[in-house]
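Q: Okay, sequence plus prediction incoming.
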Amino acid sequence: MMHSAFPSLQLSLIICAILMPPLAPAQDAAQKIAFYDVQMTKDEVYSYTNLKFKGDYTSFESPAGAVVLGKTDLGVTVVIILGGGTMSIEAPDAVQEKFKTVFGGYPLSTKFKTLYMRISPKEYVETLGKHSLIRTGDETVLARAKELFDQRFLASYHAGPRAILPDYRTRVFDFDTDDFGQITNEEGYWLKLRRVSPYGSVYPANFVNPKQRYASILLPALNANAVD
């Protein structure tokens, strides 16, 4: 009776091997990177009121102004805000002392003049895309936005002139402020926060975002449904 169990066990293992979905194709799909042209036309120039966004550690609000959207075939990935407003940045406990060194205090709350932002199309739809926008087609605003785009686009998520889409819940913020100059900030699975001049970096390399610590497990499934 004891020997008869082994053929049954072998048969069970063979059946499991046959029925188990292959892992390699899923991994390949998760690792595949695509490149997209970004279109920014007067049809994507809008006015707004009370525009707000809250990320993991970064939030901003702007009472009124102009926003220009950069679209790919999969949706909006570039948001340029020209209305100005207020922004706030916090950080995990582990880097708050370095944060104070770079910015002179903690947390950071200040006014901004412009914002260049990269975002995944899916998160745009779920957040900023829910705000009411009024199309203006203002070509002067478009020209200002394109100038900012040309200055900032090559700093993140690109392959030459084409865009790479950030993962879901990964955002890049590039604020222009009076009090601190240019502040560049990325929050996703990794965290980055820099003051451009005088230069200072809050996070060490490869600092994992505590609020997205398990994103490496969940992101492949989320990215598969990145656009509804």
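A: Right, received. Where do you want to start?
Q: Name the residues of the longest strand that the chain contains that are buried.
A: Using DSSP state E, we find that the single longest strand of the chain is strand 58-72. Neighbour-count burial for strand 58-72, counted by 16 or more other C-beta atoms under 10 Å, picks out 58-60, 62, 65-72. Heads up, the C-betas are built off the backbone N, CA and C, glycines and all.
Q: what does the average pLDDT come to for stretch 191-210?
A: In this model, stretch 191-210 has a mean pLDDT of 98.
Q: Tell me how far the residue nearest to Y46 when sequence neighbours are not counted lies from K42.
A: Counting by C-beta to C-beta, 6 or more residues apart in numbering, L133 is the residue found nearest to Y46 once chain neighbours are left out, at 3.8 Å. The gap separating L133 from K42 is 14 Å, by C-beta to C-beta, to the nearest Å.
Q: my read: L165 touches I119, true?
A: No. L165 is beyond contact range of I119, at 9.1 Å (criterion: C-beta atoms under 8 Å).
Q: Overlap in contacts, the two.
A: Common contacts of L165 and I119 (C-beta atoms under 8 Å, 6 or more residues apart in numbering): T77.
Q: Just give me the closest of the buried residues of strand 58-72 to N185.
A: T58 (5.7 Å; C-beta to C-beta).
Q: All the strands of the protein, residue numbers only.
A: 45-54, 58-72, 75-81, 85-89, 108-118, 134-135, 158-159, 162-163, 171-177, 181-187, 191-195, 200-201.
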